[in-house]
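Trainee: This is a predicted model, with the sequence first.
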Amino acid sequence: MDAITFGTDGWRATLEEFTAPRVRAVGQAVVDHLADEGRAGDPVVVGYDARPTSEGFAEELCRVLCANGHDAVLPERDVPTPLVAHAIVERGLAGGLMLTASHNPPEYNGVKFIPADGAPALPGVTDAIEANLREPVALDRSEWGDVETADLVEPHAQAVLSLVDAELDGVVAYDAMHGSGRGITDALLSRAGADVRRLHCERDEAFGGVDPEPSADHLSELIERVREGPATLGLANDGDADRIGVVTPERGYLNANLLFAALYDYLLERDSGPAIRTVSTTFLIDRVAAAHGETVHETPVGFKWVAEAMADHEALIGGEESGGFTIRGHVREKDGVLLALLAAAADAEESLDARVDRLLDEHGAVVQDKVSVDCPDDRKGPALAALEERIPDAVAGTAVEEVGTDDGFKLLLADGSWLLVRPSGTEPKLRVYAEAESEERVAALLAEGRELVAAVV
């Protein structure tokens with residue numbers, strides 16, 4: 001049981017550690033948690049991604065749920081994580097379990113619990129699940145629940161099509177990265193009118209030899225396809241299609257910070273409301289909001305905090321610099337399928353390149369980058385405590401005006417730039433982020449930030 005730890009987004013591990021007995025223990029812990037919440041015996045959905053082991057692990061969880069009196073809803077095929085979240089809310093279920101390691105390599109798998117509100121589980125929930133880990137038990141066979149096989153794709157597609165007013169008539173390239181978005185995101189774009197050119201839309205247990213993360217390094221083929229034409233937009237999902245990557249003709253890979261600003265600006269032309277962004281996400285969002293008389297609320301890194309703040313502030317959009325977003329009127333879980341349609345709709349009205357150019361002309365240039373410094377998990381707390389005693393008065397020649405402590409230390413500088421140091425939630429590293437008006441300025445900030453961190457690790 002000690003090997004099971006719920007981090008930023010569930011428990012993930014290599015298949016040496018991610019075993020059927022441990023997965024069953026997680027299932028029993030979820031059963032016990034639901035009983036504590038007054039949802040004993042209520043139906044639970046169990047989804048799974050395209051990894052070859054995921055369906056089998058999902059079936060193991062269904063057995064544990066049913067043996068404890070819960071009916072289980074199992075999808076007809078591997079599905080994106082946001083479809084599981086949507087099914088929970090649409091069907092009024094007690095919650096859901098999702099078998100996925102998201103963008104991790106094929107030798108990994110993972111499991112996450114999604115509560116009844118369809119938003120990511122907060123620490124109080126995951127702590128309770130960890131505390132409840134134990135060997136499965138079973139009721140008398142006469143009290144067992146049943147497994148229902150259900151279509152989760154069409155209800156989600158209808159919800160997204162009703163939420164996003166998209167009339168597409170151009171050519172769009174879509175890269176599923178051999179993940180669970182294949183046949184789902186591309187089909188949705190086709191239904192909205194796009195001529196979709198598909199890449200890596202076959203199931204491949206090795207993900208074509210590339211980790212299913214929609215980053216610039218992994219989307220070279222999609223970038224080439226858009227630059228060569230006739231596609232004028234490229235869209236990609238990660239392994240469980242909860243995140244989005246976007247490619248444009250002029251920029252190639254479109255930084256997710258710029259995508260966030262463009263989509264928020266597009267939505268504000270039709271509606272109103274604040275935005276939620278994480279501490280590591282660009283201040284360009286704040287400038288777009290101010291231009292429309294709106295506000296922005298900052299959260300720690302992790303979509304669970306974005307989701308919580310979206311409910312608190314009735315936000316129009318929430319997102320993070322890693323490409324996870326959702327919008328008002330949808331489930332409060334990041335949804336790369338929804339965002340693919342939204343990005344295509346925005347691009348159809350005004351190209352994303354043109355919109356980003358306009359926003360940068362209006363609000364000033366924005367450049368962001370990050371580096372990592374190795375730091376064992378047991379050193380993260382002491383290192384940050386030591387850093388608190390060493391916060392400088394200036395960084396790269398500019399005075400520190402304010403220090404934010406919501407997630408690590410964020411140093412706000414007099415020229416509008418910033419430097420952030422925070423612990424990674426998934427790796428033994430400290431992250432150092434910087435944002436400024438030029439690449440040279442960002443490089444200088446990161447260099448000093450790295451030295452600052454290296455001195456305390």
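Mentor: Sure, I can see it. Just so you know, these numbers come straight off a predicted model, no measurement behind them. Numbering: from 1, shown residues only.
Trainee: can you pull the contacts of the nearest residue to residue 341 once chain neighbours are set aside?
Mentor: Leaving aside its sequence neighbours, residue 341 sits nearest to residue 164 (C-beta to C-beta, 6 or more residues apart in numbering; 4.9 Å). (Each C-beta comes from the backbone N, C-alpha and C, glycine too.) Taking C-beta atoms under 8 Å, 6 or more residues apart in numbering as the criterion, residue 164 is in contact with 192, 338, 341, 342, 345.
Trainee: For the residues you listed, which two are the farthest from each other?
Mentor: 192 and 338 (11.8 Å; C-beta to C-beta).
Trainee: who has more neighbours, these two?
Mentor: residue 338 (29 against 22; other C-beta atoms under 10 Å).
Trainee: Show the contacting residues for the spatially most central residue of the chain.
Mentor: The centroid of the chain falls nearest to residue 324 when counting by C-alpha atoms, centre = their mean (3.7 Å). Listed by C-beta under 8 Å, 6+ apart, the contact partners of residue 324 are 242, 243, 244, 303, 306, 334, 336.
Trainee: Pull up the gap between the last one and residue 385, please.
Mentor: It stands for residue 336. 37 Å (C-beta to C-beta, to the nearest Å).
Trainee: How is the protein divided into domains?
Mentor: 11-150, 170-363, 367-454 (automatic domain parsing).
Trainee: would you turn the contacts of residue 324 into CSV with neighbour count?
Mentor: Listed next are the contacts of residue 324 as CSV, based on neighbours: other C-beta atoms under 10 Å:
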residue, neighbour count
242, 34
243, 31
244, 29
303, 27
306, 30
334, 27
336, 30
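Trainee: quick one: which of the residues you listed is nearest residue 187?
Mentor: residue 336 (14.1 Å).
Trainee: Contact partners for the residue nearest to residue 321 when sequence neighbours are not counted?
Mentor: Leaving aside its sequence neighbours, residue 321 sits nearest to residue 281 (C-beta to C-beta, 6+ apart; 4.6 Å). Counting by C-beta under 8 Å, 6+ apart, residue 281 touches 257, 260, 319, 320, 321.
Trainee: hmm, 10 Å instead?
Mentor: 256-257, 260-261, 275, 296, 298-299, 301, 306, 318-322, 368, 433, 435 (C-beta atoms under 10 Å, 6 or more residues apart in numbering).
Trainee: Which among those residues count as buried?
Mentor: Those of the contacts of residue 281 that meet the buried threshold are 256-257, 260-261, 275, 296, 298-299, 301, 306, 318-322, 368, 433, 435, by 16 or more other C-beta atoms under 10 Å.
Trainee: So which of those residues sit within helices?
Mentor: The members of the buried ones among the contacts of residue 281 that map onto helices under DSSP state H are 256, 257, 260, 261, 306.
Trainee: what about residue 14, how many neighbours?
Mentor: 12.
Trainee: er, residue 452 actually
Mentor: 20.
Trainee: would it count as being in a helix?
Mentor: Yes - under DSSP: H, G, I helix; E, B strand; the rest coil, residue 452 sits within a helix.
Trainee: Mind pulling up the pLDDT for it?
Mentor: We note a pLDDT of 94 for residue 452 in this prediction.
Trainee: Same question for the one 5 residues further on.
Mentor: On pLDDT, residue 457 comes in at 89.
Trainee: for residue 426, same thing?
Mentor: 71.
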